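K.L.:
turn this into a structure:
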Amino acid sequence: MATIKDIAEKAGVSLATVSRVLNYDESLSVTESTKKKIFEAAEELEYKKGKRRTAASTSVAIVHWYTEKEELEDLYYMSIRLGVENRCQQQGIQFVKYVYDEFTRQHPSGIDGIIAVGKFSAEQVEVLTAVSPVIVFVDSSPDSEQYDAVTVNFEKAAEKVLQHFLNEGSRRIGYIGGRETYRLESEPIEDARETRFQSFLKERSLFDPKLFYTGSFTVGSGRELMGNMLEEHRGRLPEAVFTANDTMAVGCLQVLHENSVQVPEEISLISVNDVSISKYMYPPLSTVKVYTEQMGETAVDLIQEQLRGERAAAKKTEVATTLILRGSSR
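P.N.:
Here you go, the predicted model:
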């Protein structure tokens, strides 16, 4: 595990700044570029560095559905992107990063393939594949019959969390999650964590809709939703809360501390992703590890398979997850 000092040295900032940024201290005034350097340093220090090749004969566009600002609010996608970049560097592949809107404006030429990170509507998929039919989607699978994809089974991730809560004796279980939409669309994208949370508890007659809260995958939304949960259930708090990502969990923990709610003694908290910041929270965050580095590596490998003409059929790879128990759960 990288230390605060390691991150500070790599990012070129003070120890105090690193600590406050990793904990999303709202009273700290720093630029987005400084935050980006710190978060990227923290993520990159988690990766195993392979030997870098020097000859670059392939050029790949990494198209991200998040803007840089949105990426700082949800480090999951930053972590995937860095995994892609790290693998490209190891394999001697040139790459250019784009946000989707920027990609469509520039109409880049001379690229051999596209790695699309995030979730894309049918219309957006058509735009991307018109530029290059050699494409891999990461974190979504628009059509497994046509396109390579690297995904995560978030249903299984939710089951691991909920089964642990049941094993530790919790029966009154809350949910704090986010909703996402495609660009320029308002209909929310179905979230497997959310749907499996409901079905798993309903199967056991334990689902309470009053303990179910959704917003956006940000620290601020985590703060707001946990504040609402405490306010509305002050007399009978949930025994455990499943937060849909680590970033929301930061906000949840902040509000729990501010309200003197003991974690995990009063509320057990488990999240999803295991991005670098999870280890630096207080208490350290229990979370389902999503192997974002492996997702990025796999996407690059799939692109290379396509370019070498090694297969005719599309390939979908589902990366497993692991429940990591730390101090925020019983």
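
K.L.:
the nearest residue to residue 2 once chain neighbours are set aside: neighbour count?
P.N.:
In this structure, residue 2 finds its nearest non-sequential neighbour in residue 45, 3.7 Å apart by Cβ to Cβ, 6 or more residues apart in numbering. Quick note: C-beta positions are derived from backbone N, CA and C, even for glycine. The number of residues packed near residue 45 is 17, by other Cβ atoms under 10 Å.

K.L.:
surely residue 45 meets residue 276?
P.N.:
Yes: between residue 45 and residue 276 there is a contact under Cβ atoms under 8 Å: 7.5 Å.

K.L.:
joint contacts of these two?
P.N.:
Common contacts of residue 45 and residue 276, defined by Cβ atoms under 8 Å, 6 or more residues apart in numbering, comprise residue 2.

K.L.:
may I have the residues that are in contact with residue 273?
P.N.:
Neighbouring residues of residue 273 by Cβ under 8 Å, 6+ apart: 75, 76, 79, 245, 246, 287, 288, 289, 290, 292.

K.L.:
can you show me the helices along the stretch 151-300 of the chain?
P.N.:
Applying DSSP state H, counting those that start in this stretch to the stretch 151-300 of the chain gives helices spanning 154-167, 192-203, 219-232, 246-258, 292-308.

K.L.:
sorry, back to before: most surrounded residue in the contacts of residue 273?
P.N.:
Counting by other Cβ under 10 Å, residue 287 has the largest number of neighbours within the contacts of residue 273, with 30 neighbours.

K.L.:
just the pLDDT for it.
P.N.:
As predicted, residue 287 sits at a pLDDT of 98.

K.L.:
going forward, count from 233.
P.N.:
Sounds good: first residue 233 from here, last item residue 519.

K.L.:
and the helices of the stretch 383-532 of the chain, which is most packed in?
P.N.:
Ranked by mean neighbour count, those are led by helix 478-490 with a mean of 23 (mean count of other Cβ atoms under 10 Å).

K.L.:
touching that one from outside, list them.
P.N.:
255-256, 305-308, 408-410, 447, 449-459, 462, 473, 475, 495, 499, 501, 503-507, 509-510, 513-514, 517, 519, 560.

K.L.:
find the residue at the geometric middle of the protein.
P.N.:
Residue closest to the average C-alpha location in the chain (Cα atoms, centre = their mean): residue 308, at 2.3 Å.

K.L.:
in three-state terms, label that residue for me.
P.N.:
helix (DSSP: H, G, I helix; E, B strand; the rest coil).

K.L.:
contacting residues around it?
P.N.:
Counting by Cβ under 8 Å, 6+ apart, residue 308 touches 449, 477, 478, 479, 505, 507, 522, 524.

K.L.:
at 10 Å what do you get?
P.N.:
The contact partners of residue 308, taken as Cβ atoms under 10 Å, 6 or more residues apart in numbering, are 298, 350, 371, 384, 449, 477-479, 504-507, 522, 524.

K.L.:
can you add distance to residue 322 and give those residues back as CSV?
P.N.:
Formatted as CSV, the contacts of residue 308 follow (distance: Cβ to Cβ, whole Å):
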residue, distance to residue 322
298, 24
350, 23
371, 21
384, 22
449, 29
477, 27
478, 26
479, 28
504, 27
505, 23
506, 22
507, 21
522, 21
524, 16
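
K.L.:
next, format those as JSON lines and append pLDDT and distance to residue 267.
P.N.:
Shown next, in JSON lines, are the contacts of residue 308 (pLDDT from 0 to 100; distance: Cβ to Cβ, whole Å):
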{"residue": "298", "pLDDT": "89", "distance to residue 267": "14"}
{"residue": "350", "pLDDT": "95", "distance to residue 267": "20"}
{"residue": "371", "pLDDT": "97", "distance to residue 267": "22"}
{"residue": "384", "pLDDT": "97", "distance to residue 267": "25"}
{"residue": "449", "pLDDT": "93", "distance to residue 267": "17"}
{"residue": "477", "pLDDT": "97", "distance to residue 267": "17"}
{"residue": "478", "pLDDT": "96", "distance to residue 267": "16"}
{"residue": "479", "pLDDT": "94", "distance to residue 267": "13"}
{"residue": "504", "pLDDT": "98", "distance to residue 267": "22"}
{"residue": "505", "pLDDT": "96", "distance to residue 267": "18"}
{"residue": "506", "pLDDT": "95", "distance to residue 267": "20"}
{"residue": "507", "pLDDT": "89", "distance to residue 267": "14"}
{"residue": "522", "pLDDT": "97", "distance to residue 267": "22"}
{"residue": "524", "pLDDT": "93", "distance to residue 267": "19"}
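
K.L.:
no more questions from me, cheers.
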